[in-house]
Each structure stands twice: as structure tokens, then as C-alpha cells.
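Engineer: Please work out how this folds:
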Amino acid sequence: MASLFQDYDDFVEKFKPKKTTDDCYTPPAVYDIVVDFVAGITSLEGRQIVRPFWPGGDFENFDYPDGCIVIDNPPFSIYSKIVRFYLARGIDFFIFAPGLTQRVAGADVCYVATMADVIYENGALVRTSFTTNLIKDYRLMTAPKLAEDIRKASKKPTRGLPIVYEYPNNLITLALLGKLNQRGIEFAVRKDECAEVTNIQALRRIKKSLFGGGFLLTPRAAAERAAAERAAARERVILTLTRDELALIP
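Structural biologist: Numbers count the residues shown, from 1 in each chain. Take a look at the predicted model:
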């Protein structure tokens with residue numbers, strides 16, 4: 001009889017809707033940590049924090065009060081659309097972002113690459129970073145303490161990120177930025193010290209891609225990146241930039 005009930009439970013389970021990253025409900029402890037971090041980079045006094053994302057919600061027609069700040073975990077399937085929407089309307093935001101596909105081409109934002117493994121209330125484990133327009137002078141930055149606080153709240157041990165290729169110092173990706181963050185290294189890049197790229201010729205020649213794109217750095221920023229980068233590659237493949245790619249650096 002027990003096996004009969006088990007078979008029925010398995011049958012019913014097949015028809016239940018599967019959870020995706022769009023169904024991730026943020027643990028209150030993690031959300032509070034993020035709000036505290038935002039309070040450390042901008043004044044929240046007199047400003048309303050809004051959360052326009054919930055199942056069935058319509059963020060585009062949400063009533064955003066003047067001077068509000070969006071601090072929320074949006075559906076990752078439309079993450080780029082959301083970033084562009086807020087930028088176009090001048091709405092301040094600090095939103096959760098998919099760690100490995102965080103870059104929004106051409107967006108005037110700062111990427112806070114925490115690469116924190118967040119266990120959401122539906123049980124989904126998502127490697128999470130943050131994107132904001134509140135940090136005006138920087139394009140890229142790590143936040144080791146934020147990531148560590150989130151890790152503790154999620155009760156999830158930090159995972160290492162394997163690296164197959166060693167990029168030149170003039171190139172950084174959000175994944176590599178997240179790796180620096182996981183090692184507790186403070187690092188940031190100013191907007192006028194980097195240029196976006198989707199791939200580089202060295203990878204194209206071997207039919208590889210720069211997953212999620214990257215940023216070319218000025219010599220000064222590249223020197224800081226070299227000093228900050230401590231990770232040992234499992235298999236080293238030295239990549240170089242072409243003259244055309246070097247010419248894109250501000």
C-alpha cells in the first residue's frame with residue numbers, strides 16, 4: 001500500500017510547475033543585508049525603498065514615488081530589460097543580478113560582482129551579484145564583506161570558480177571580478193578606465209567566447225588588476241589583445 005501512495009505522489013509531482021530563477025523569493029535576512037549595504041553607499045534618509053517585483057506584478061506600470069530607490073530581486077529572464085527601463089526613466093536602483101551574465105551592453109551602471117551563492121526561499125541556489133546606478137564613478141567593483149555576510153545568511157559555503165584561461169591584465173570579466181571578491185580582495189574600476197567588449201580575437205581564433213563579455217582596462221587599472229589577482233589557474237592559456245582592441249581602451 002505504501003508503494004501505491006508513493007507511485008501516486010510521483011504521478012502528481014510531474015504536473016506541478018517547476019520553479020525557475022524568476023520564482024526566487026529573497027530570504028529576509030539576505031534582503032536586510034543588501035539594504036544595509038546600500039545605506040553605506042548612499043543616504044536612505046527620506047527616501048522610499050520600493051519592491052516592484054512579485055508574481056504577477058507589473059514593474060513598468062508600478063507607481064514609483066519621487067526620489068525612491070528600487071532594492072529588489074527581479075526576474076532574471078528580463079533582467080536586461082529592467083536595467084534599461086530604470087536607466088531610461090532615471091529611477092535609482094540596486095538590484096540582484098545573475099552573476100555570470102550580469103553585463104548589460106552599453107548600460108551606464110556599476111556592476112558589484114559578489115558572486116554570492118544565495119539559497120532562495122524556494123530552495124533554488126543562484127550565484128548572485130548586484131547592478132546599480134547609485135555608484136556614479138565606477139563601472140566595476142567587488143564587495144567582499146557583502147558577499148561574506150550573504151554567504152553566512154544563506155548558510156552556504158563559498159565555492160571556487162575554475163579558470164581555464166589566463167586573461168591579459170588589460171582584460172577583466174565579471175566572473176574574474178567575482179573570483180577576486182570571493183578571495184576578499186578590494187578592487188574597483190572607474191568608468192573612464194575601461195571599455196566594454198563582447199569577445200577578443202585570441203578566443204575567436206580558438207573558437208571560444210568571452211562568456212558574458214568583459215572590459216578592457218587602462219594600464220593603471222590593469223596594473224591594479226594584476227596586483228589584486230591571486231587565483232592560480234588550473235590550466236594556463238596566455239591570451240593577448242590585438243592593436244584594435246588595445247585602441248578601444250580610454
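
Engineer: what ranges of the protein fall below the confidence cut-off?
Structural biologist: Judged by pLDDT under 70, the chain has its weakly predicted residues at 1-24, 155-165, 230-237.

Engineer: Geometric centre of the chain: which residue is closest?
Structural biologist: residue 129 (3.0 Å; CA atoms, centre = their mean).

Engineer: now it: how far from residue 207?
Structural biologist: According to CB to CB, to the nearest Å, residue 129 stands 28 Å off from residue 207. The C-beta positions use only the backbone N, C-alpha and C, and glycine is treated the same way.

Engineer: now for the lengthiest helix in the chain, which elements pack on it?
Structural biologist: Criterion DSSP state H: the longest helix present in the chain is helix 28-41. Judged by 3 or more CB pairs under 8 Å, 6 or more residues apart in numbering; DSSP states H and E, the packing partners of helix 28-41 are strand 69-72, strand 92-98, helix 144-154.

Engineer: tally of neighbours for residue 201?
Structural biologist: Neighbours of residue 201 under the rule other CB atoms under 10 Å: 12.

Engineer: Next up, phi/psi of it, please.
Structural biologist: Main-chain dihedrals, residue 201, degrees, to the nearest 10: phi -60, psi -40.

Engineer: Confirm that residue 204 lies within a helix, as I assumed.
Structural biologist: Yes. When DSSP: H, G, I helix; E, B strand; the rest coil is applied, residue 204 is found to be in a helix.

Engineer: give the contact list for it.
Structural biologist: Going by CB atoms under 8 Å, 6 or more residues apart in numbering, residue 204 touches no other residue.

Engineer: Repeat that for residue 171.
Structural biologist: Per CB under 8 Å, 6+ apart, neighbours of residue 171: 197, 200, 214-217, 239, 241.

Engineer: So what does the residue nearest to the centre of the chain look like in phi/psi?
Structural biologist: Main-chain dihedrals, residue 129, degrees, to the nearest 10: phi -130, psi -170.

Engineer: ok, now which ones touch it?
Structural biologist: 96-99, 102, 111-116, 174, 178.

Engineer: now the longest strand along the chain: how far from the chain's centre is it?
Structural biologist: Looking across the chain with DSSP state E, the single longest strand is strand 110-119. Strand 110-119 has its C-alpha centroid displaced from the chain centroid by 5 Å (CA atoms, centre = their mean, to the nearest Å).

Engineer: Tell me the helices and strands packed up against that strand.
Structural biologist: Using 3+ CB pairs under 8 Å, 6+ apart, the elements in contact with strand 110-119 are strand 125-132, strand 138-141, helix 144-154, helix 174-182.

Engineer: ok, 10 Å please
Structural biologist: When contacts are defined as 3 or more CB pairs under 10 Å, 6 or more residues apart in numbering; DSSP states H and E, strand 110-119 packs onto helix 28-41, strand 92-98, strand 125-132, strand 138-141, helix 144-154, helix 174-182, strand 188-190.

Engineer: Make TSV from these and add distance to residue 227 to it.
Structural biologist: Putting those into TSV (distance: least, CB to CB, whole Å) gives the following:
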stretch	distance to residue 227
helix 28-41	24
strand 92-98	26
strand 125-132	22
strand 138-141	15
helix 144-154	16
helix 174-182	11
strand 188-190	13
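
Engineer: Residue 67 is nearest to which of the ones you listed?
Structural biologist: With respect to residue 67, and counting by CB to CB, the nearest of the helices and strands packed on strand 110-119 is strand 92-98 at 8.1 Å.

Engineer: Quickly run through the sheet partners of that closest one, with directions.
Structural biologist: strand 69-72 (parallel), strand 125-132 (antiparallel) (DSSP bridges).

Engineer: For the ones you listed, give me CSV that also has distance to residue 149.
Structural biologist: Output for the strands paired with strand 92-98, formatted as CSV (distance: least, CB to CB, whole Å):
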stretch, distance to residue 149
strand 69-72, 15
strand 125-132, 13
